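1. quick one, what's the 3D model for this:
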Amino acid sequence: MSVVAGFTVVLLEGIFAIYKKVHAINFGIYGVSKVGKTTLHHQIRTRGEVPDIKKRTVGLEKPTRKIVKIDGNIQTVRSSDVGGESIYWSLWLKDYKKRKPKYVIFMIDDRHLNNRASLEHQVAWKYLVDMIMSETWPNGKKKKHKDYPEAIGVWANKFDLWGKNYPLGETIDKHPIFEPFKYGMQKLNGIGIPTYKYIVSAKSDPEMVYRGIMTMIKDY
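-> Take a look at the predicted model:
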């Protein structure tokens, strides 16, 4: 490689690195109340310094920029914290429609494994899947290709708390925590939206958070 060619490659790599730091990729982070969405937002922003969350998120907060750095890779993302109670689900749609996130994360925990009668996650997941798969917006306007996400991740949070009771087997894909969400994943896959299963401890393991986000960006 000539000196000029080598310099060009280095220059382009530098420009691309700056672009990734300046250009923020929109993420939509949704899920029911107390699942860890606010903790996840703090973890992305503060890299380990996560406070104890004592108050539930009310309504929809303004989106903020966060820088994800792992394994020498860097990427800026933008996400909004939004309430998880059913009265706020319409704000998931508002956030999704306004920001058109490139990637969506639906957070769950183990409550549906501890109590088979608990259907909070499943009902919220159906709402989210129907919202994304709909060919039109509520006003009847037809969606465009850019209105659909590149991928959707189902993130099972709080592994540090429930991992001993429901240990991880050979692969994440077979873990029973994801079983109730398979049908929705299949429907999304059917219209060309890949889904991504991930297990994470948003409060205690920042590397798991950064690696999960970077994996979605790089692989999808």
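2. you'd agree residue 27 is up against residue 100?
-> No - with contacts defined as CB atoms under 8 Å, residue 27 does not count as touching residue 100, sitting 11.2 Å away. All C-beta spots, glycine's among them, are computed from the backbone N, C-alpha and C.
3. which residue of these two possesses the greater neighbour count?
-> residue 27 (26 against 15; other CB atoms under 10 Å).
4. dump the residue contacts of that one.
-> For residue 27, the contacting residues are 77-79, 101-105, 213, by CB atoms under 8 Å, 6 or more residues apart in numbering.
5. can I get the residues you listed in a markdown table with secondary structure and distance to residue 174?
-> Shown next, in a markdown table, are the contacts of residue 27 (DSSP: H, G, I helix; E, B strand; the rest coil; distance: CB to CB, whole Å):
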| residue | secondary structure | distance to residue 174 |
| --- | --- | --- |
| 77 | strand | 29 |
| 78 | strand | 33 |
| 79 | strand | 29 |
| 101 | coil | 28 |
| 102 | coil | 28 |
| 103 | strand | 24 |
| 104 | strand | 23 |
| 105 | strand | 21 |
| 213 | helix | 23 |
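6. could you export those as TSV, including distance to residue 64?
-> As requested, these are arranged in TSV below (distance: CB to CB, whole Å):
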residue	distance to residue 64
77	10
78	7
79	7
101	14
102	16
103	16
104	17
105	15
213	14
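7. got a pLDDT number for the nearest residue to residue 120 once chain neighbours are set aside?
-> Counting by CB to CB, 6 or more residues apart in numbering, the nearest residue to residue 120 once its immediate chain neighbours are dropped is residue 32, at 4.6 Å. Note on residue 32: pLDDT of 98.
8. how many other residues sit next to residue 32?
-> Residue 32 is flanked by 23 other residues according to other CB under 10 Å.
9. bridging residues for the residue positioned nearest the centre of the chain?
-> In the chain, the centroid-proximal residue (CA atoms, centre = their mean) is residue 105; its distance is 2.3 Å. On the basis of DSSP bridges, residue 105 is bridged to residue 29, residue 153.
10. thought it was touching residue 36?
-> No - assessed by CB under 8 Å, residue 105 is found out of contact with residue 36, at 10.7 Å.
11. need the residues that contact the one helix or strand residue 214 maps to.
-> Assigning secondary structure by DSSP states H and E places residue 214 in helix 206-219. Helix 206-219 has contacts (CB under 8 Å, 6+ apart) with 25, 27, 40, 43-44, 47-48, 68-71, 73, 75, 77, 103, 105, 151, 153, 155, 159, 196, 198-202.
12. show me what counts as buried in that helix.
-> Judged by neighbour count (16 or more other CB atoms under 10 Å), helix 206-219 contains these buried residues: 206, 208-214, 216-217.
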